[in-house]
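S.K.: mind looking at a prediction? Sequence and model below.
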Amino acid sequence: MKDDLIFDMEMAKEYDKGIRRALPSYDALFRMVQSFLRANIKDSANVLVVGAGGGNEIVTFGTANPSWTFAGVDPSEAMLEVALQKAKNEGIEERVSIHVGKIEEIEFTEPFNAATCILVLHFVETIEEKRSLLKTVKEQLKPGAPFVLVTMFGDQSNSEFNERMNLWKSIWLDLTDLTLEDVNGMEESVRELSFISANEIEKLLDQAGFERVTQFFSTTLFGGWIAHAGN
Ligand SMILES: C[S@@+](CC[C@H](N)C(=O)[O-])C[C@H]1O[C@@H](n2cnc3c(N)ncnc32)[C@H](O)[C@@H]1O
């Protein structure tokens, strides 16, 4: 993960506000992810949440789906602490297990009925590490299980990326008191994250053993894909 973006306690507390500025359709995205999961899993389900820090998947899907249980994985203890506290506040902590570490480091005894990996992959630096993460997720799933991947994406050398970046900056300028200088500084940091193109993401999902890979979400610098674990 990029060293300059540390998910510590300060970041964990600010996260909920910041993410809705960086991605104004964050809540709508979660509603779409929930619809996909509901349509593709039976009544009770054990859901693997990769990058569960902050707890938004666990709390959003957990409160609305009382028969689902969750395994939340994240290397950031601070982000997981926030997740656990939110689960306790909602009284759903008995349906949640928390695992500190990268997904590749955690051993599970039972395969999962579904998995999500939301806003994690652009922090994973190399293409090999991204492939390994996705392969590990696939190995933890039952055949046919639904999977949702949401990540920053794009080919930085292409003009569409620049247009998307300009829109992303315009939204920050429109919704906040930040100056153009501030937002240009943010652009510099964001450009250091690990972006790959939509084609590369779809290739990685295919190589990891996912089928019916379909992009369902695309806004500014963010994209989302639905897929199913192959046999
Ligand atoms: C931007 S937050 C996303 C949190 C949440 N999924 C959401 O959508 O609001 C990214 C999280 O991914 C975690 N992360 C980074 N690399 C990971 C890995 N290999 N396995 C699991 N989590 C990882 C980070 O620690 C951080 O908490």
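M.R.: Arrived safely.
S.K.: from now on I want contacts and neighbour counts done on CA atoms only, so please keep to that.
M.R.: Will do.
S.K.: identify the bridge partners of residue 219.
M.R.: Bridge pairing for residue 219 (DSSP bridges) gives the partners residue 222.
S.K.: what about it, how many residues nearby?
M.R.: Neighbourhood size, residue 219 [other Cα atoms under 10 Å]: 15.
S.K.: got it, and residue 118?
M.R.: By the measure other Cα under 10 Å, the count of residues near residue 118 is 20.
S.K.: now it. Its backbone dihedrals?
M.R.: phi -110, psi 120 (degrees, to the nearest 10).
S.K.: can you say which helix or strand has the nearest residue to it once chain neighbours are set aside in it?
M.R.: Leaving out its chain neighbours, the residue that sits closest to residue 118 by Cα to Cα, 6 or more residues apart in numbering is residue 150, at 4.6 Å. According to DSSP states H and E, residue 150 maps onto strand 146-152.
S.K.: also residue 224?
M.R.: If you go by DSSP H and E, residue 224 is part of strand 222-229.
S.K.: next one: residue 187
M.R.: For residue 187, the element it lies in under DSSP H and E is helix 180-191.
S.K.: next secondary structure element downstream of that helix?
M.R.: Next along the chain from helix 180-191, counting by DSSP H and E, comes helix 198-208.
S.K.: average pLDDT for that next one?
M.R.: For helix 198-208, mean pLDDT is 98.
S.K.: taking strand 146-152 as reference, get the angle to it.
M.R.: Relative orientation of helix 198-208 and strand 146-152, computed by axes from the mean of the first three to the mean of the last three Cα atoms, to 10 degrees: 150 degrees.
S.K.: now do the helix holding residue 187 against strand 146-152, angle only.
M.R.: Here helix 180-191 points in a direction 130 degrees away from that of strand 146-152 (the same axes, to 10 degrees).
S.K.: run a quick neighbour tally on residue 137.
M.R.: For residue 137, the neighbour count with other Cα under 10 Å is 26.
S.K.: next secondary structure element downstream of the helix or strand of the chain with the lowest mean pLDDT?
M.R.: The helix or strand of the chain with the poorest confidence is helix 9-22; it has a mean of 82 (mean pLDDT, DSSP states H and E). For helix 9-22, the following helix or strand on the C-terminal side (DSSP H and E) is helix 26-40.
S.K.: right, is that next one up against the ligand?
M.R.: No: Helix 26-40 stays clear of the ligand (Cα under 6 Å from any ligand atom), getting no nearer than 8.2 Å.
S.K.: average model confidence for that helix?
M.R.: For helix 26-40, the mean pLDDT works out to 98.
S.K.: for it, packing partners?
M.R.: helix 9-22, helix 56-64, strand 146-152 (3 or more Cα pairs under 8 Å, 6 or more residues apart in numbering; DSSP states H and E).
S.K.: so which of the ones you listed comes closest to the ligand?
M.R.: Comparison of the helices and strands packed on helix 26-40 against the ligand by Cα to the nearest ligand atom identifies helix 56-64 as nearest, at 5.5 Å.
S.K.: circling back to that earlier point, how far off centre is the least confident helix or strand of the chain?
M.R.: Remark: helix 9-22 is offset 14 Å from the chain centroid, using Cα atoms, centre = their mean, to the nearest Å.
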